[in-house]
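[1] Pasting the sequence and the predicted model now:
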Amino acid sequence: MSPRALWIPPPLWRAMPHLPAFFPDFAVAAEGAACPPGALVAGEGAAAFDEGPWAAPGFHDVRRAVGLVVPGLPAPAQRDDPRLDAAQRAALSHSRFADPFRARPAGLAEALDTLELWRATEAENRRIGAFLHMQRWKRAAIARAFGHSMGHARFAETPAQALAQQDGAVLAWAARLRPETEAAASMPVWRVEDGFIRSIGLGVNFAPAASLAVDPIGMHYDATRPSRLETLLRETEFPPALLARAAALRAEIARRNITKYNVAGAAPPLPPTPGRPRILVVGQVEDDASILRGGGRVRTNLGLLRAVRAAVPDAFIIWKPHPDVQTGYRRGYLPGRDAARVADLVLPQGDIRPLFAQVDALHTMTSLAGFEALLRGLPVICWGRPFYAGWGLTTDMEACERRARRLTLDELVAGCLILYPRYQDPLTGLPCAPELLLERLSDPGLWPPLPPARRGYVLWWKAQGRLLRWLRHWRVIGR
C-alpha cells in the first residue's frame, strides 16, 4: 500500500521548513503543489508546542516548534531512552518530534535539549536593556542573536544613552568598552566578543559571527581581572557525560580541520629540516585587546620572533602573520624582509590549518591559534597570558597566578567551547549547539552571502587595505 499523501499549506512551509520531518511515514506533496485528493492537511488536528513546559520561544515572532501533537499516529520507538521520565514516555503515543536544523525526525530527548537551549537563550536575552558600541554592520546580526519574542533591546549611540535606560543590563562590545562607562553604570554591564569558532571569513571583511561570548564578569582575553570563562574553568566539576561530549567535539574539530575563521587558501608543504625541530610562530594584531590586557614582556611580532629564536636557536622557524594584519587595516605589519632576518620561512598568505600537522610546536603571545594547536595535540609555548594558559597544558613564559587548577584537555574544551560561548545557526538564525556549527562550517554553500551592496563595499575595502599595507611596508604610516 502506498503511503498516504500529506499536504503542507504554504504559510507552514515558510514558518517551519522542517515540517515534513514530523511525518516520515507520509508522502509529502512538494512545496507549492496543489492539495492532492484525500491528503492529510498539516495543521488539521496538529498543534505546535507553543504552550506549557515544552513551549518553543519565539525569535522575532517566528515560531519554529520541534514538537507536534498529532493524535492517531504511531508512537516512535523511543520508550527505552533513559533520559525520559514516565510523563515524557506517555507523550510519545501522540507526539512527533523533528530537528529544526537538519529537517529530519528527532527523539523527544533531543527535542527537549533544543527547547531548553532556546528557552535559556531567550531568558538571557530578555535581561538586556541596551546595546552599546555595536558597529552598524553588525547590528542586524546582534539583533537576531539577542532577540526574543518581543523584539530586542535598543541600540544606544552613546554611553550616556545606554546608562540612561532602566530596562536591564547594558551589553557592550568588549574591546570598545571604557572603564569609566562601567564605573558610572547603575545597572549590570555585560561584555560580548566573537567566540572561538566564528565563521567562514574574517570579521574585518564583514563576515558575520556565528558564535559569541557573553561575559558579565570580565572578558576571556583580559588576564588582568577574572572572567566568566576563568571562573568556569577554575570552579566547574565536569561530569563524565560532558567530558565525553568535549572529547567528541575536539575529535570532530580535528577531523574537519576547523579554526576560528576557516579562511580557504593553499599552504605549501614545508621543506625537509633534518635534525631541526619545526617551530610555527604566529603573528597578532599588536593593538588587539588580548595583547593590551593579556600580553607579557613580549608584545610585538618582531619581539616574539626574536624571543623564539633566542629560546630555540637551532629550530627551523616558520613565521605566519595574522590575516587581519595582512589586510592592511590592523597594526602589527612586519615586512617579509625583516621577518626573514629571524625566521627561516615566511608564509604571509595561505591557510594555517595544514601547518598544524607539519610542525613540532607553536609559539604565540596570546593568539587563538595556540588553543587550536592544543586541540590537535601540539605543544604550545605562550609568551603572554591567553585564556588557555595557566592550566597545566601549555609552557608558560608568564605567570598566571589566579589559575592554579590543573585541567585535562577535555575539561578545557568543555569550558571554552561548550559552556562559555553561545552559537547561532547561520542557516535558520536559531540558537544551536557547537556540533551543528561544525557541520555548517564544513559546507560554505549554506552560509548566507553578503548583500550586493556590501560585496561591492568589500571590494573597495580590500583595495584600500592593499594600499595601507603598502604604506606600512615602506613606513609611510605606522605599522
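    Alright, I've got the coordinates. Numbering: from 1, shown residues only.

[2] only C-alpha atoms for contact and neighbour calcs from this point on.
    Will do.

[3] List phi and psi for Met187.
    phi -120, psi 170 (degrees, to the nearest 10).

[4] Can you get me a residue count around it?
    17 (other Cα atoms under 10 Å).

[5] thought it was touching Ala169?
    Yes. If you go by Cα atoms under 8 Å, Met187 and Ala169 touch, sitting 5.8 Å apart.

[6] Low-confidence regions, the stretch 351-479 of the chain specifically.
    Within the stretch 351-479 of the chain, the ranges that satisfy pLDDT under 70 run 448, 450-451, 453-479.

[7] just the strands in it please.
    Taking DSSP state E, counting those that start in this stretch as the test, the strands found in the stretch 351-479 of the chain are 361-364, 380-382, 395-396, 421-424, 431-432.

[8] how about these in CSV, adding distance to Thr231?
    As requested, the strands of the stretch 351-479 of the chain are exported to CSV (distance: least, Cα to Cα, whole Å):
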stretch, distance to Thr231
strand 361-364, 24
strand 380-382, 21
strand 395-396, 20
strand 421-424, 14
strand 431-432, 23
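
[9] With distance to Ala130 and mean neighbour count added, can I get those strands in CSV?
    Below are those laid out as CSV (distance: least, Cα to Cα, whole Å; neighbours: other Cα atoms under 10 Å):
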stretch, distance to Ala130, mean neighbour count
strand 361-364, 36, 23
strand 380-382, 37, 23
strand 395-396, 39, 17
strand 421-424, 19, 22
strand 431-432, 20, 24
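
[10] now the helices: where do they sit in the stretch 251-400 of the chain?
    For the stretch 251-400 of the chain, the helices defined by DSSP state H, counting those that start in this stretch cover 289-294, 301-311, 323-326, 336-340, 353-356, 368-375.

[11] residues in contact with Leu419?
    Shown in contact with Leu419 (Cα atoms under 8 Å, 6 or more residues apart in numbering): Leu232.

[12] i'd like the first residue to be 73 from this point on
    Sure, I'll start numbering at 73, so the last one becomes Leu491.

[13] Test my guess that Ala93 contacts Pro177.
    Yes. The pair Ala93 / Pro177 is scored as a contact, 4.9 Å apart, by Cα under 8 Å.

[14] anything in contact with each of the two?
    169-171.

[15] need those in TSV with secondary structure, can you?
    Formatted as TSV, the shared contacts of Ala93 and Pro177 follow (DSSP: H, G, I helix; E, B strand; the rest coil):
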residue	secondary structure
Phe169	strand
Ala170	strand
Asp171	strand
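
[16] If we ignore the residues flanking it in sequence, what's nearest Glu254?
    Among residues not flanking Glu254 along the chain, Val261 sits closest, at 6.4 Å (Cα to Cα, 6 or more residues apart in numbering).

[17] what about the one you found, how many neighbours?
    Residues lying near Val261 (other Cα under 10 Å) number 24.

[18] For it, grab phi and psi.
    Per-residue torsions, Val261: phi -120, psi 120 (degrees, to the nearest 10).

[19] List the residues that contact it.
    241-244, 254, 288.

[20] Now with 7 Å, please.
    Going by Cα atoms under 7 Å, 6 or more residues apart in numbering, Val261 touches 241-243, 254, 288.

[21] what's the answer for Ala412, then?
    Counting by Cα under 7 Å, 6+ apart, Ala412 has contacts Val418.

[22] re the thing from before, is it possible to get TSV of the helices of the stretch 323-472 of the chain that adds distance to Thr308?
    TSV is the format used below for these (distance: least, Cα to Cα, whole Å):
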stretch	distance to Thr308
helix 361-366	23
helix 373-383	34
helix 395-398	34
helix 408-412	42
helix 425-428	30
helix 440-447	20
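
[23] now for the ones you listed, which one comes closest to Arg350?
    helix 425-428 (10.2 Å; Cα to Cα).

[24] and among the helices of the stretch 323-472 of the chain, the most buried is which?
    helix 440-447 (a mean of 22; mean count of other Cα atoms under 10 Å).
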